[in-house]
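K.L.:
Sequence and predicted structure, then a few things I'm wondering about:
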Amino acid sequence: MIKLDIINHVVEKSGITKTKAELAVETVFASMKKALEHGDRIELRGFGVFNVRPRKTGIGRNPRTGAEVSIPPGKAVRFKPGKELQAIQ
(Lines give C-alpha, C1' and ligand atoms only; values in the text may rest on other atoms or scores of the structure.)
Protein backbone atom coordinates (compact mmCIF):
# COMPACT_ATOMS: atom_id res chain seq x y z
CA MET A 1 0.00 0.00 0.00
CA ILE A 2 1.33 3.41 -0.93
CA LYS A 3 0.30 6.90 0.14
CA LEU A 4 -1.99 7.28 -2.88
CA ASP A 5 -3.87 4.12 -1.83
CA ILE A 6 -4.40 5.64 1.63
CA ILE A 7 -5.69 8.87 0.09
CA ASN A 8 -8.09 6.96 -2.18
CA HIS A 9 -9.33 4.94 0.79
CA VAL A 10 -10.03 8.14 2.74
CA VAL A 11 -11.98 9.51 -0.25
CA GLU A 12 -14.07 6.31 -0.46
CA LYS A 13 -14.84 6.13 3.26
CA SER A 14 -15.48 9.82 3.95
CA GLY A 15 -16.83 11.11 0.65
CA ILE A 16 -14.62 14.21 0.74
CA THR A 17 -12.76 15.45 -2.31
CA LYS A 18 -9.43 13.92 -3.27
CA THR A 19 -7.68 17.27 -2.73
CA LYS A 20 -8.94 17.54 0.85
CA ALA A 21 -8.12 13.89 1.55
CA GLU A 22 -4.59 14.40 0.22
CA LEU A 23 -4.17 17.47 2.43
CA ALA A 24 -5.43 15.54 5.47
CA VAL A 25 -3.10 12.59 4.91
CA GLU A 26 -0.12 14.87 4.23
CA THR A 27 -0.89 16.84 7.41
CA VAL A 28 -1.02 13.69 9.53
CA PHE A 29 2.30 12.42 8.15
CA ALA A 30 3.95 15.83 8.50
CA SER A 31 2.85 16.18 12.12
CA MET A 32 4.09 12.65 12.91
CA LYS A 33 7.44 13.42 11.30
CA LYS A 34 7.76 16.68 13.22
CA ALA A 35 6.94 14.97 16.52
CA LEU A 36 9.57 12.29 15.88
CA GLU A 37 12.15 14.95 14.97
CA HIS A 38 11.55 16.51 18.39
CA GLY A 39 12.02 13.12 20.04
CA ASP A 40 8.37 12.75 21.02
CA ARG A 41 6.64 9.39 21.30
CA ILE A 42 3.60 8.72 19.08
CA GLU A 43 1.08 6.28 20.51
CA LEU A 44 -1.84 5.17 18.36
CA ARG A 45 -4.08 2.98 20.51
CA GLY A 46 -4.80 -0.36 18.89
CA PHE A 47 -2.14 0.24 16.24
CA GLY A 48 1.22 0.77 17.87
CA VAL A 49 3.90 3.13 19.15
CA PHE A 50 6.54 5.05 17.21
CA ASN A 51 9.57 6.42 19.03
CA VAL A 52 13.12 7.52 18.32
CA ARG A 53 15.98 5.61 19.90
CA PRO A 54 19.70 6.24 19.78
CA ARG A 55 21.72 3.92 17.57
CA LYS A 56 25.08 2.69 18.86
CA THR A 57 28.39 3.32 17.23
CA GLY A 58 29.99 0.30 15.68
CA ILE A 59 32.46 -1.10 13.28
CA GLY A 60 31.33 -2.44 9.94
CA ARG A 61 33.17 -3.85 6.97
CA ASN A 62 33.32 -2.73 3.39
CA PRO A 63 32.19 -5.91 1.58
CA ARG A 64 34.29 -5.09 -1.48
CA THR A 65 37.63 -4.43 0.21
CA GLY A 66 37.14 -5.98 3.64
CA ALA A 67 38.38 -2.78 5.28
CA GLU A 68 36.86 -1.81 8.63
CA VAL A 69 34.58 1.22 8.59
CA SER A 70 33.49 3.21 11.63
CA ILE A 71 29.70 3.56 11.89
CA PRO A 72 28.79 6.85 13.61
CA PRO A 73 26.11 7.05 16.32
CA GLY A 74 22.71 8.17 15.17
CA LYS A 75 19.01 7.92 15.80
CA ALA A 76 16.53 5.42 14.42
CA VAL A 77 12.74 5.36 14.40
CA ARG A 78 11.33 2.24 16.02
CA PHE A 79 7.80 0.86 15.79
CA LYS A 80 6.24 -1.47 18.31
CA PRO A 81 2.90 -2.89 17.15
CA GLY A 82 -0.10 -2.82 19.49
CA LYS A 83 -2.00 -5.90 20.66
CA GLU A 84 -4.69 -5.61 17.99
CA LEU A 85 -2.10 -5.36 15.23
CA GLN A 86 -0.14 -8.32 16.60
CA ALA A 87 -3.31 -10.43 16.61
CA ILE A 88 -3.59 -10.24 12.79
CA GLN A 89 -3.00 -13.62 11.20
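P.N.:
Perfect, I can see it now.
K.L.:
Only the buried residues of the longest helix along the chain, if you could.
P.N.:
Across the chain, the helix with the greatest residue count (assigned by DSSP state H) is helix 18-37. Under the neighbour-count criterion of 16 or more other CB atoms under 10 Å, helix 18-37 has Ala21, Glu22, Val25, Leu36 buried. Backbone N, C-alpha and C define where each C-beta goes, glycine included.
K.L.:
Closest one to Thr65 out of those residues, please.
P.N.:
Using CB to CB, Leu36 comes nearest to Thr65 of those, at 35.1 Å.
K.L.:
Go ahead and confirm the closest one touches Val77.
P.N.:
Yes - applying CB atoms under 8 Å as the test, Leu36 and Val77 come out as touching, 5.9 Å apart.
K.L.:
just checking, what packs against the longest helix of the chain?
P.N.:
helix 3-14, strand 42-44, strand 48-55 (3 or more CB pairs under 8 Å, 6 or more residues apart in numbering; DSSP states H and E).
K.L.:
can we see that at 7 Å?
P.N.:
Identification of packing neighbours for helix 18-37 by 3 or more CB pairs under 7 Å, 6 or more residues apart in numbering; DSSP states H and E yields helix 3-14, strand 42-44.
K.L.:
could these be laid out in JSON lines, adding mean neighbour count, distance to Glu68 and mean pLDDT?
P.N.:
Below are those laid out as JSON lines (neighbours: other CB atoms under 10 Å; distance: least, CB to CB, whole Å; pLDDT from 0 to 100):
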{"stretch": "helix 3-14", "mean neighbour count": "13", "distance to Glu68": "39", "mean pLDDT": "97"}
{"stretch": "strand 42-44", "mean neighbour count": "13", "distance to Glu68": "36", "mean pLDDT": "96"}
